[in-house]
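> From the sequence below, what's the structure:
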Amino acid sequence: MTLNTPFTAVAPGRVCLFGEHQDYLDLPVIACAIPLTCRIEVTPTPDSACIELIVPQLDQHFTYDLHPISSQVSPCRNNGKDGESNDGEDDDDGEVMDFALSALQEAFQDGWEFRNGGARCVSTTDIPLQSGCSSSTAFVAAWILVLSRLASQPRHNDDDLARLA
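Modelled structure (predicted):
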């Protein structure tokens, strides 16, 4: 595979059979993958210094600059419904959430570089959103894989990718 070859990153949803919301307390959790997935179709764009992320189910379109800018709060642009601009998706409390941006910032902090260009990414899922099936977790896991494949340095091992996700 060359750097210009399109690829797909896929991650499954999951349900907790026991211990929902206990993992961050270091308490036991029994989780099970489900046969529903988040898929990110990636077309590399070697002449670009941005990653374009399109999420049709949410009518969202983000563009992320691949130059790390630590002093900038949000190195992205989100063109929401009808082309209006906003900085991310609002959660129930009105706070901005952007899982893709957070993962990209983690990659920058970990020293990843993206000298091979950008990409056009389309994320779709058959995992029900906001249903307790970890659609956000599946997105982040697939997105970290996308970033890993686009990064300039050698591939990361599975443990490193899981830690970032």
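
> quick one: secondary structure of the residue nearest the centre of the chain?
When the chain is reduced to its mean C-alpha position, the closest residue under C-alpha atoms, centre = their mean turns out to be Trp143, at 3.2 Å. Put simply, Trp143 is helix when judged by DSSP: H, G, I helix; E, B strand; the rest coil.

> for it, what are its contacts?
Listed by C-beta atoms under 8 Å, 6 or more residues apart in numbering, the contact partners of Trp143 are 9, 40, 99-100, 103, 123. The C-beta positions use only the backbone N, C-alpha and C, and glycine is treated the same way.

> Specify which member of those residues is nearest to Cys50.
Comparing those against Cys50 with C-beta to C-beta places Ala100 closest, at 12.4 Å.

> Listing request: residues of the chain with sub-threshold pLDDT.
Within the chain, the ranges that satisfy pLDDT under 70 run 1-3, 68-97, 154-155, 164-165.

> And the top strand by length along the chain, what's buried?
Secondary structure of the chain per DSSP state E: the longest strand is strand 30-45. Within strand 30-45, the residues that qualify as buried are 36-42, 44-45, counting by 16 or more other C-beta atoms under 10 Å.

> Please enumerate the helices of the chain.
99-109, 135-150, 158-164 (DSSP state H).

> any idea how far Leu161 is from Gly118?
20 Å (C-beta to C-beta, to the nearest Å).

> neighbour-wise, which of these two wins?
A side-by-side neighbour count of Gly118 and Leu161, using other C-beta atoms under 10 Å, places Gly118 first with 21 against 15.
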